[in-house]
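> predicted structure and sequence below. I'll ask about it afterward.
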Amino acid sequence: MNAETFRQKTALIAAEMVAREFKTSEWMSYDQMILQTRDSLKNPHLCKALQSRYKVGIIDEFQDTDSVQYEIFSRLFLEPNDETEQKILYLIGDPKQSIYGFRGADIGTYLRAKKELKSHKAQEISLNVNYRSVPELICAYNELFGGKTGEQSFFPIVERNFESTPIEYSEVSAPEKNPKILLSDKHRQGPIQIVRFIGKDTWKTNDAKNAWGRFIGEEILKLTRSENPFSYQILEESDEKIHFAEKKLNFREIAILVKSKAEGKLAEQSLKLRGIPCSFYKQEGIYQSPESYQISNIFECLLDPNKPSSYRKLLLGDLFQIHPDHLVAFDEHSIESYEKTTLDRWKTLAIDRKFPELFRSIEEDSRIFLTEDETDIDWERKKTNYGQIFRKLLQFQIANQAGLEEILEELKLLQIESKNEQEPPLFEKETEKDAVQILTLHSSKGLEWPVVFLFHLSSNFVPEIYDYPVTEKDGERYWKLSLWDNEEEKKISKEEYSYQSLNENKRLLYVGITRPQVRLYLPFYTPTNHKKTRDSAYYKILYPRLRHILENEPDPSLFHPIAWTPISFDQTDPNIRNRTRDSEVRLTPLLHCESEPSKTIRLHSYSSLKTRAKTSENESLSILEEAEYFKSDDAEGTETEDALPSSAATGSFLHALLEELDFSFFKTKTPREVLKNRKVLSRMDFHLNYFRLSKENKKNTLSEKETYQKRAGEILWNSLNANIPLQDKTSFNLVDLGKENRISEMDFHLSLDPTGKNLLKGSIDLVFEIKNKFYIADYKSNLLEDYSPLSLRRSVENTENRYDLQRDIYAMVLYEYLKDLFGPKDVFQKIGGVYYFFLRGMKHGENSGIYSDFHWSPDRMETIHKIVRELTAVHWLEDF
């Protein structure tokens, strides 16, 4: 059974089980309630009774209803009956704000009902006065949404099969008398602030998101600073007099509207790094956090370790972080695997009731604390959650002398019972009183704030399985699941899904843009020329209108352009840290504070140090570089072609082969001969299945495998037979390097201070000894246009890559290692140098694609030590 058939059968079985459950159980879903209400109206006696009882029907937010809901009201108020008394039906809605399609709302229902009501000679009443926003902002809306010139990327919105009734934008106006809110005379800039990113011609989506998050954080600090805060005027009544009073902006009057939780998380991190209090709307408590449910999975697996589903949950989670595509490579019954061995040790600790040791081992012997995949802020918060939950459970265990099963039951009770207002909010009680509000665009509907930052930069995403509308000949519209579509149907349905998604995004952007009362911030940048970025809602909808406005001398009373160069935020700089210490800012520590001395051992890595490294003010760098580092072969990157795809998976594939295969296998006359070696082909085949290098991340086809094997063989053959320069001006080939003289993937933990509480962790691709000197090398699979020495040096010294920092850190590790072996006097006689092997650029018998650095001295090592000490200093958050 293939995957497609499995999904189809699973869907049918699930539908059958749900239908059976509805028939046999004592509960029903909301959809079932609506369907049964509609079906009950087939009873003429009930229908007539309801028609006699209700004379007026009012449906609010009608744009977010569906055909079944409308059918109920249509039967009651529009179908003729024996009574002569007139019935009235009011449908209230704005089709421009229909944004709940994912919940089943159908804008087609609104458009069809509008047409039907007009046939009944219904009256249409337009509400065209905006009481929410300042007059200047209202005028700016009219230009943005309904401008007479330039590309009309927002409106009209044309739905399939409703081409004759497009959704139009009608100009709105401010109230003629007694407006409720006005701009302050102190801040008369145009209310729509268009922030143009400077420093790059084009921007990748992730870089743009990180830059926008950084701007938002810096701008909020400016808006709320004590010496000259942003303000506006509001209408007040006192002693029967009406006047306008100056109102100073506070944090809770600022909102960041995001498309997804991921964007919200990024915005939250940016604010936290600057000490700005914020609240992520609808974020649940600590016992509903992913960490809480991860701990539940651990306990369930320990109680029943032979249950495959429990074991796989742990493999996918924080503990071992295995990608779903790679689960097939794991045998849940394998005794020798690291994962199984670790779980067996934990099970023994649980049986022996050594719970303090068990909880500590879960934290220290898994990848929970050893991996900083995102930013330090997110890592610290995750770490804090695990620590809090384990402390709570340990208190329960000690008080009740409970076993693992009782501890699991207690945790499940906490997960259920703690969903109330009394529970301390997530992450050690964040401020609620005066905090910037972060919420999704869907959650923002109907709400308003004086200042709004729009954060909707995500690329368009078409899931593997989706639903899309299909219109029958009689005009009825229903939704079809793509699960049963053939290849030809999928081409059509994907286009339909993308079209519907674009229309939904137009309405979603309209909702977000119309939330502010006083000021709106919008980003402006040119995305990279890639189908993912150019297919985004930002590029197709917002970008063309902003570009037209900026290119045609915008009215300064409506629009205020800002040219902004992103500057890397260095959280180790005390000048940056201290400027947030305003007396009105109430900060809550992110780290849990205990009365006893801290037992935390800080683990640093090259990627985490790179994130903190101070860079030039003129560089356009990402605040969350650590997350980007392992994505250097990004899909939005260079257009340079190679038979082997440029991706992180490809890099891992080549690294794995270099780690496992004997270099002597490649001592052949041609790369073709390498592929005759069964061991080489076997490992290539295994890792191709494991990493899946195809662009769709699917299992590689036979032809793809053959292409990848051939190209990988060429790359490795060229690399291992290239002429590697040595410190003494001679050269050698890696194929001649014996196993006894090299170590692949050498892990290290280096102590950075006398207390032993700061450790530097990492892994070096290759360490080898030749001619009584030691060298280290790092493999790079980057796809570059030029592998000349000058190009490689520029790549290493590039402030975005920070390979120079990695080089210096690895050299320091080698220095400390050799100093322990040979003593401080002889250490520099033993250090050979550091290499970067750019694998795709290395050639048989040549020295291209090789970067080397042989110049190491005591002064240089001292400088490196100083830099690393600064970057690994105690986090600035602990200053508060």
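Nice, thanks for sending it over.
> list the buried ones in the strand or helix carrying Leu408?
Per DSSP states H and E, Leu408 falls inside helix 404-417. Residues Leu404, Ile407, Leu408, Glu410, Leu411, Lys412, Leu414, Gln415 are the ones in helix 404-417 that count as buried (16 or more other Cβ atoms under 10 Å). No exception for glycine: its C-beta is placed from N, CA and C like everyone else's.
> list the contacts of the spatially closest residue to the fifth one that is not a sequence neighbour.
Setting aside the residues directly before and after it, Leu411 is nearest to Ser296 in space (Cβ to Cβ, 6 or more residues apart in numbering), at 5.9 Å. Applying Cβ atoms under 8 Å, 6 or more residues apart in numbering to Ser296 gives the contacts Leu408, Leu411, Lys412, Gln415.
> again, only this time at 7 Å
Contact criterion Cβ atoms under 7 Å, 6 or more residues apart in numbering gives Leu408, Leu411, Lys412 as the residues in contact with Ser296.
> format those as CSV; extra columns: pLDDT and distance to Arg38.
Listed next are the contacts of Ser296 as CSV, based on pLDDT from 0 to 100; distance: Cβ to Cβ, whole Å:
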residue, pLDDT, distance to Arg38
Leu408, 89, 44
Leu411, 88, 43
Lys412, 86, 38
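> quick one: which of these is nearest Glu797?
The nearest member of the contacts of Ser296 to Glu797, counting by Cβ to Cβ, is Leu411 at 50.2 Å.
> isn't that closest one right up against Leu393?
Yes. In this structure Leu411 lies within contact range of Leu393 using Cβ atoms under 7 Å: 6.3 Å.
> isn't Ser270 right next to Ala211, touching?
No. In this structure Ser270 lies outside contact range of Ala211 using Cβ under 7 Å: 10.1 Å.
> which stretches of the stretch 551-700 of the chain aren't confidently modelled?
Filtered on pLDDT under 70, the stretch 551-700 of the chain yields the residue ranges 567-641, 693-700.
> what's the answer for the stretch 101-250 of the chain, then?
Ranges of the stretch 101-250 of the chain meeting pLDDT under 70: 239.
> and the helices in the stretch 251-400 of the chain?
Secondary structure of the stretch 251-400 of the chain by DSSP state H, counting those that start in this stretch: the helices cover 261-273, 290-303, 308-316, 338-351, 355-364, 376-400.
> comparing these, which yields the minimum mean pLDDT?
Note on the helices of the stretch 251-400 of the chain: lowest mean pLDDT is at helix 308-316, with a mean of 69.
> show me what the longest helix belonging to the chain is packed against.
Looking across the chain with DSSP state H, the single longest helix is helix 487-513. Applying 3 or more Cβ pairs under 7 Å, 6 or more residues apart in numbering; DSSP states H and E, one finds that helix 487-513 contacts helix 441-444, strand 467-471, helix 537.
> turn the ones you listed into a markdown table, columns for mean neighbour count.
Output for the helices and strands packed on helix 487-513, formatted as a markdown table (neighbours: other Cβ atoms under 10 Å):
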| stretch | mean neighbour count |
| --- | --- |
| helix 441-444 | 19 |
| strand 467-471 | 17 |
| helix 537 | 21 |
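> mind giving me the domain split of the protein?
Following automatic domain parsing, one finds the domains of the chain at 1-28, 41-125, 189-229+249-283+432-566, 286-424, 625-876.
> how far does the last one sit from its chain's centre?
Which is domain 625-876. Here domain 625-876 shows a centroid-to-chain-centroid distance of 28 Å under the convention Cα atoms, centre = their mean, to the nearest Å.
> strands along the stretch 151-300 of the chain, start to end?
Secondary structure of the stretch 151-300 of the chain (DSSP state E, counting those that start in this stretch): strands at 181-183, 192-197, 231-238, 241-248, 254-258, 278-280.
> counting contacts, what elements does the fourth one pack onto?
Which is strand 241-248. strand 231-238.
> with adjacent residues omitted, what lies nearest to Leu654?
Ser781 (5.3 Å).
> so how far is Leu457 from the spatially most central residue of the chain?
The centroid of the chain falls nearest to Ala262 when counting by Cα atoms, centre = their mean (3.7 Å). Plainly put, Ala262 is 11 Å away from Leu457 if you go by Cβ to Cβ, to the nearest Å.
> what of Lys241?
Distance from Lys241 to Leu457, counting by Cβ to Cβ: 46 Å.
> are we agreed that Pro80 is in a helix?
No. Counting by DSSP: H, G, I helix; E, B strand; the rest coil, Pro80 falls outside a helix, being coil.
> ramachandran coordinates for it?
Dihedral angles of Pro80 (phi, psi; degrees, to the nearest 10) stand at phi -70, psi 150.
> hey, where'd the strands end up in the stretch 501-650 of the chain?
Going by DSSP E, counting those that start in this stretch, the stretch 501-650 of the chain shows strands at 516-524, 559-564, 602-604.
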